[in-house]
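1. What follows is a predicted protein model with its sequence.
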Amino acid sequence: MSVARKAVAAAERLVVKVGSSALTTAGDGLDVTRLNALVDAIAARIAQGSQIVLVSSGAIGAGLAPLALGKRPRDLATQQAAASVGQLQLAHAYAESFGRYALTVGQVLLTSDDVVRRAHYRNAQRTFSRLLALGAVPVVNENDTVATEEIKFGDNDRLAALVAHLVGADALVLLSDVDGLYDGDPRSGSTRRIAEVTGPADLEGIAVGMSSSGLGTGGMVSKLAAARTAASAGIPVLLAAASDASRALSTAEVGTAFRAADSRLSARRFWLGYAAGTRGRLHLDDGAVAAVVRRRRSLLAAGVTGVDGDFEAGDVVELVDAAQRVVARGVVAFDAGELPELIGRSSHELPEEQRREVVHADDLVPFRR
Ligand SMILES: Nc1ncnc2c1ncn2[C@@H]1O[C@H](COP(=O)(O)OP(=O)(O)O)[C@@H](O)[C@H]1O
Ligand SMILES: N[C@@H](CCC(=O)OP(=O)(O)O)C(=O)O
């Protein structure tokens, strides 16, 4: 068995995320039979001594039928109304279902501010830790009824990866309507499931697409991003079908396993690289990209070709290459307004008070591609 699968099978604390497409259908709303089967698998793992945090999507999907809405609405207000109705149904269904095993659930609804701001992050950490210590099963979702486009996590795969880091999970299990990662969109004909992802090289040439059910949000794209986030935090990931939850949570011999990075990022660097909100972008020339990403150097003004956004010194910004790909994130040492007259100039050309790194190496998290 692979390192990642062994780690998932042996994990003491797990985050399990289940997607909308595995719990709801557009016409009928919440599928309690499938929800019960998932809870059976989770309760069995808890009975063996593991702690589980459940991140469950499905609020919007569950709210459609009671509101007589045929398909997932496009506008935010109707999505929020559906989530408001559906979240109540979800929480109730989980409370009943876990109740069959005398397990108590606690609902945790998060907005991105709760993980993006470091003080809120620690507060959420305390709540989870106390819930788990009290033997409850935290059931987490985004607080959809108040989340606007600007403050959304984007999708629950990302939320699950951030929660996995926040609670110090030993493994993350992503359960969906598809039984793993395929080397192409499974709807497009002959594709094969990839059993193990040991690093970025295993993902080269793989075509990932969006959701097929029309209920999920991010499709495989967001699952891969979440797997990368968790793996960088040292957390192995198993991606499997919700209908295989029982095997995923016992032997872990199903789906696609993602190996975790050998070294864990510190809490601060994880926050910087994956959780913090960004306020702008710095465009880098090729030399600066090589220095920052390969040689782990600080970013100097000479290698910056452009600046976007309205940030202040101390804010987190994205560093992008000439092809507009994000190659790193870091804390910028200048206000956006100061930079245009400094960029492209080498340090000795700058006034003494501005002769410092634009982003110091200690405040910078480069991404491997
Ligand atoms: N390379 C791929 N491998 C597996 N699934 C893929 C791939 N590309 C696109 N998909 C689609 O992604 C879907 C899962 O995403 P989504 O519906 O958002 O799930 P969830 O609701 O569980 O978050 C699958 O049903 C599948 O149609
Ligand atoms: N918070 C939303 C889910 C958003 C989401 O990411 O859904 P999914 O892609 O199915 O995990 C809901 O509960 O409907």
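-> All right, it came through fine. Computed from a prediction, not measured in an experiment: that's the story for all the values here. Ligands and ions are numbered 1, 2, ... in the order given.
2. Alpha carbons of stretch 351-369, in PDB - could you do that?
-> Extracted as PDB, the C-alpha positions of stretch 351-369 are listed here (Å, rounded to 0.1, in the frame of the first residue of the first chain):
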ATOM      1  CA  PRO A 351      17.300  56.200  -2.500                       C
ATOM      2  CA  GLU A 352      18.700  54.800   0.700                       C
ATOM      3  CA  GLU A 353      15.400  54.700   2.600                       C
ATOM      4  CA  GLN A 354      13.900  52.500  -0.200                       C
ATOM      5  CA  ARG A 355      16.900  50.200  -0.600                       C
ATOM      6  CA  ARG A 356      15.100  47.100   0.700                       C
ATOM      7  CA  GLU A 357      13.600  43.900  -0.700                       C
ATOM      8  CA  VAL A 358      10.100  44.300  -2.200                       C
ATOM      9  CA  VAL A 359       9.200  40.900  -0.700                       C
ATOM     10  CA  HIS A 360      11.700  39.400   1.700                       C
ATOM     11  CA  ALA A 361      12.400  35.700   1.300                       C
ATOM     12  CA  ASP A 362      11.200  35.000   4.800                       C
ATOM     13  CA  ASP A 363       7.800  36.400   3.900                       C
ATOM     14  CA  LEU A 364       7.400  34.600   0.600                       C
ATOM     15  CA  VAL A 365       5.900  31.200  -0.300                       C
ATOM     16  CA  PRO A 366       6.900  30.000  -3.800                       C
ATOM     17  CA  PHE A 367       4.700  27.400  -5.500                       C
ATOM     18  CA  ARG A 368       6.100  24.300  -7.300                       C
ATOM     19  CA  ARG A 369       4.700  23.700 -10.700                       C
END
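3. for this protein, what helix or strand is lowest in average pLDDT?
-> Ranked by mean pLDDT, DSSP states H and E, the weakest helix or strand in the chain is helix 113-116, scoring a mean of 79.
4. contact partners of the one helix or strand residue 174 maps to?
-> Taking DSSP states H and E as the criterion, residue 174 maps to strand 171-176. The contact list for strand 171-176 (Cβ atoms under 8 Å, 6 or more residues apart in numbering) reads 7-8, 11, 14-19, 21-22, 38, 157, 160-161, 164, 216, 223, 226-227, 230, 235-242, 244-245, 248-249. Using the backbone N, CA and C atoms, a C-beta is placed for each residue, glycine as well.
5. Now do the least confident helix or strand of the chain: which elements does it pack against?
-> On a contact count with 3 or more Cβ pairs under 8 Å, 6 or more residues apart in numbering; DSSP states H and E, helix 113-116 meets helix 118-133, helix 156-166.
6. Skipping its backbone neighbours, what lies nearest the residue in the stretch 251-369 of the chain that ligand 2 sits nearest to in space?
-> Among the residues of the stretch 251-369 of the chain, residue 255 lies closest to ligand 2, at 16.0 Å counting by Cβ to the nearest ligand atom. Nearest non-adjacent residue to residue 255, counting by Cβ to Cβ, 6 or more residues apart in numbering: residue 240, 3.0 Å away.
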